[in-house]
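*Asks:* Any chance you can model this:
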Amino acid sequence: MADKDPGSTLSTVSDQFTNIAQDLFNIEVNIILRNNITAQKMPNPRHALLDIGKEYCKALDEMEVWRRHYYSQKSEEQAQPSDDALFEVMRREFGYLTEDEGSAQNIDMANYERRVSHNVSDELGGFDAFDVLRNWADSFMDDLAKDIYLSPEQLSILPRIKDNADLIKGMYSSICRRDPVLNDPKKPPEKNLAKRLELMPEDKMNPNTVVKLSKEIDPAHTIDLTNEYTRSDLVNKAGIQPLPLRDSEMVMIRKVWELGTEVIAMQTIVQVDGDVITRLNPIYLDETTYPRLHDYHNKGVNIALEHWSSLVNVAKELIIATARGISGRLSE
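*Replies:* Numbers count the residues shown, from 1 in each chain. Modelled structure (predicted):
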């Protein structure tokens, strides 16, 4: 018996093959120096995203302490202490408000663009938290004095935090865009995400539009899709389903989780067309302090190249076998 929708099946498989091929178009070898190596495997994606948010928050928190210390000395005024964590302080400075905070300021929270959960500081793996972290990192990058009060290591990870937060936000938006509940064709236009996006003028769109509309359509379901849970929620709540991720999104989360806020000493990227790009961090070029670092990196590149050809052959055989299987089912 043939599949009900052969075109859809072939399209899905084609997308999977495309992702596999893209992943094999280049190899990347990074040398990262770290005192404590846990050898921990990445947990499930919901926990991994929370790990990423917590690590980014910790790094930005340390930078904020140095920023406030620098400007308090410059102005000869004592920095004002706060009982709240710096994440909470910064998100309010950026205009992210909870329902209670908005009500206290007589703000119409129903139409407020930066409305967040009162638990957002513990929901660091969710869309709203990454939005705060992204703008927090950006505030450092826009600060002309950052080279004075931040270390080279801190400066090197700022673009990564900002860019990866944008990637993760974009992933959540993509999940909402393809979600069958939010895009149910049987629902009226005001309850259908795709239809509402079609009607929205392009000049009114921003990186948060998709998730904002999704929350208006189905708040509880969108919270699940955008992973706005605390660690306690993920451990203790029953019925939380895995995030509906594509293979490429899983690969992205894994890489972001693996790199964290580590400083990359050396990086080599080899592309399928023969281009080789090597990046060297000047801090780690002193062979007296870091002996044999170049040798370790070169060996890593050679090992990766040896396995690359084997992986390409395996992927080719897998694609051929899968294509034959699908062809056979469609012909039944």
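*Asks:* List the contacts of stretch 115-126.
*Replies:* 46-54, 56-57, 85, 87-88, 91, 96-100, 102, 109, 128-129, 132-133, 223, 226-232 (CB atoms under 8 Å, 6 or more residues apart in numbering). Glycine gets a C-beta too; all of them are placed from N, C-alpha and C.
*Asks:* hmm, 6 Å instead?
*Replies:* With CB atoms under 6 Å, 6 or more residues apart in numbering as the test, stretch 115-126 has contacts from 49-50, 53-54, 57, 87-88, 96, 98, 109, 128-129, 226-228, 230.
*Asks:* tell me the two of those residues that are most distant?
*Replies:* Maximum pairwise distance in those, criterion CB to CB, is 27.0 Å, between Lys54 and Met109.
*Asks:* ok, back up a step: now the buried members of the contacts of stretch 115-126.
*Replies:* Listed as buried from the contacts of stretch 115-126 are 49-50, 53-54, 57, 87-88, 96, 98, 128-129, 226-228, 230; burial here means 16 or more other CB atoms under 10 Å.
*Asks:* Among the residues you listed, name the ones in helices.
*Replies:* Here DSSP state H is the test, and the buried ones among the contacts of stretch 115-126 give Leu49, Leu50, Gly53, Lys54, Cys57, Phe87, Glu88, Asp128, Ala129 as lying in helices.
*Asks:* and which of those residues is nearest to Lys212?
*Replies:* Once CB to CB is applied, the member of these that ends up nearest Lys212 is Asp128, at 10.4 Å.
*Asks:* quick one: contacts for that closest one?
*Replies:* Contacts of Asp128 by CB under 6 Å, 6+ apart are Val116, Val120.
*Asks:* Checking Ala265 next. Helix, strand or coil?
*Replies:* The three-state assignment at Ala265 reads strand, by DSSP: H, G, I helix; E, B strand; the rest coil.
*Asks:* Give me the neighbour count for the spatially closest residue to it that is not a sequence neighbour.
*Replies:* Among residues not flanking Ala265 along the chain, Tyr284 sits closest, at 4.1 Å (CB to CB, 6 or more residues apart in numbering). Using other CB atoms under 10 Å, Tyr284 has 17 other residues around it.
*Asks:* what stretches of the chain score poorly on pLDDT?
*Replies:* Residues of the chain that meet the criterion pLDDT under 70 lie in 1-25, 38-39, 76-84, 272-274, 309-316, 318-332.
*Asks:* where along it do the helices fall?
*Replies:* Using DSSP H, helices in the chain cover 6-24, 45-75, 86-93, 99-104, 127-141, 146-149, 152-178, 193-199, 209-217, 219-225, 231-236, 247-259, 293-331.
*Asks:* Any chance of TSV for those helices, columns distance to Ile277?
*Replies:* Output for these, formatted as TSV (distance: least, CB to CB, whole Å):
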stretch	distance to Ile277
helix 6-24	17
helix 45-75	25
helix 86-93	35
helix 99-104	47
helix 127-141	23
helix 146-149	26
helix 152-178	17
helix 193-199	37
helix 209-217	33
helix 219-225	36
helix 231-236	38
helix 247-259	17
helix 293-331	12
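*Asks:* Compare those and report which one is nearest to Glu113.
*Replies:* Between the helices of the chain, helix 209-217 lies closest to Glu113; by CB to CB that is 7.1 Å.
*Asks:* What residues sit buried inside the closest one?
*Replies:* Residues of helix 209-217 classed as buried by neighbour count (16+ other CB under 10 Å): Val210, Val211, Lys212, Leu213, Ser214, Lys215, Ile217.
*Asks:* Quick one: residues in contact with that helix.
*Replies:* Phe127, Ser173, Cys176, Leu182, Lys191, Leu193, Arg196, Thr222, Thr226.
*Asks:* Now rank those residues by neighbours and give me the top one.
*Replies:* Neighbour tally across the contacts of helix 209-217 (other CB under 10 Å): the maximum, 30 neighbours, falls on Phe127.
*Asks:* State the distance from the closest residue to that residue other than its chain neighbours to Val210.
*Replies:* Spatial nearest neighbour of Phe127, chain neighbours left out: Thr226 (3.9 Å); criterion: CB to CB, 6+ apart. Using CB to CB, to the nearest Å, Thr226 is found at 10 Å from Val210.
*Asks:* if I look at these two, which residues touch both of them?
*Replies:* Shared contacts of Thr226 and Val210, defined by CB under 6 Å, 6+ apart, are absent.
*Asks:* Next one: the closest residue to Arg279 other than its chain neighbours from Arg91, what distance?
*Replies:* Excluding the flanking residues, the one nearest Arg279 by CB to CB, 6+ apart is Gln267, at 4.5 Å. Using CB to CB, Gln267 is found at 32 Å from Arg91.
*Asks:* Could you dump the ones in helices among the buried ones among the contacts of stretch 115-126 into TSV and include distance to Ile303?
*Replies:* Below are those laid out as TSV (distance: CB to CB, whole Å):
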residue	distance to Ile303
Leu49	30
Leu50	32
Gly53	33
Lys54	32
Cys57	35
Phe87	40
Glu88	45
Asp128	41
Ala129	37
